[in-house]
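**Student:** Following is a predicted model, sequence given first.
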Amino acid sequence: MIDFNFAFFLTAVTLLSGVIVLIDKLFLRKKRVERGANEPVIIDYARSFFPVLLLVWVIRSFVVQPYRVPTGSLEPTILPGDFIVVTQFSYGLRMPVLNTKVVPIADPKRGDIVLFRFPVDPAVIFVKRLVGMPGDHIVYKNKTLYINGAEMKQTLVGKTFDVQPDGYKYPAYLKTEDLMGVNHQILNQIDGGETLTTDVIVPAGHYFMMGDNRDDSDDSRVWGFVPEKNLIGKAQFIWLSWDSENHTIRWNRLGERVH
């Protein structure tokens, strides 16, 4: 989770520096040159930093942005400490801060790993896998996912552990799930874990998100659906991975695509 105020701050600083540069060019520079006066520091800074700020603003708002994954809710696909690249334009171009879609490009697809604003607190950013489309009947029962009455088949890969932040290890099954043609790995704790049944129909204009770590994920089973307007972009690949437990870079994960 990260605070989304950075987008507001970046937009405000870029706009402010641009306004300063424009006012100076239209009204102040000519008189200053005639007087032989020195350029004020604030104008010098604004003129120097505005092109860089504008470039960063355009890239981060409309092209890509980095995101650090802090939790293990998407294990084994994404690990805590993975830094992922998210394409902002995947689901349409949106105005930063306002998040208003101005250019539609494509719709989200089942199986996408999606960055979105947390519906309960839009200032916070979440990343989960999209499993339920608008109109879908979603049932999660006995650690098995059903969509519109069809069971999402799971194939056992082997045994592993769901490692907690405090270092405690829950014995878990590593499985491959066939999410209507999208094959990806999931974790299920062998004992305990999520035992409640979810049975919902996804409303129009909303999506149902889940973590691949099915017994250790704060997702739509807990807080409900994600409105389309809250979507930010699609996760594409890992550009850096930091193992905080061993204080080292996971070199083997660099450049790995997430799917």
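**Tutor:** Thanks, I have it.
**Student:** neighbouring strands for the lowest-mean-pLDDT helix or strand in the chain, and are they parallel or not?
**Tutor:** Using mean pLDDT, DSSP states H and E, the weakest-scoring helix or strand in the chain turns out to be strand 101-103, at a mean of 79. Using DSSP bridges, the strands paired with strand 101-103 in its sheet are strand 93-94 (antiparallel).
**Student:** List the neighbours of the strand it pairs with that are in contact with it.
**Tutor:** Applying CB atoms under 8 Å, 6 or more residues apart in numbering, the set of residues contacting strand 93-94 from outside is 62, 88, 100-103, 105. The C-beta positions use only the backbone N, C-alpha and C, and glycine is treated the same way.
**Student:** Helices of the stretch 151-259 of the chain, start to end?
**Tutor:** With helices called from DSSP state H, counting those that start in this stretch, the stretch 151-259 of the chain shows them at 220-223.
**Student:** residue ranges with poor pLDDT in this structure?
**Tutor:** 1-4 (pLDDT under 70).
**Student:** Name the residues linked to M209 by a beta bridge.
**Tutor:** Residues in beta-bridge contact with M209 (DSSP bridges): L130.
**Student:** distance of it from I249?
**Tutor:** With the distance defined as CB to CB, to the nearest Å, M209 ends up 29 Å from I249.
**Student:** Which of those two has more residues huddled nearby?
**Tutor:** M209 (26 against 13; other CB atoms under 10 Å).
**Student:** Report the contact partners of that one.
**Tutor:** 114, 116, 126, 128-132, 219-220, 226.
**Student:** give me that answer again for 6 Å
**Tutor:** Residues in contact with M209 (CB atoms under 6 Å, 6 or more residues apart in numbering) are 128, 130, 219-220, 226.
**Student:** got it, and F161?
**Tutor:** Here F161 is in contact with 169, 172 (criterion: CB under 6 Å, 6+ apart).
**Student:** what's the distance between it and F62?
**Tutor:** With CB to CB as the criterion, F161 and F62 are 40 Å apart.
**Student:** Greatest separation within the contacts of M209: which pair is it?
**Tutor:** Using CB to CB, these span at most 10.7 Å, a distance reached by L130 and D219.
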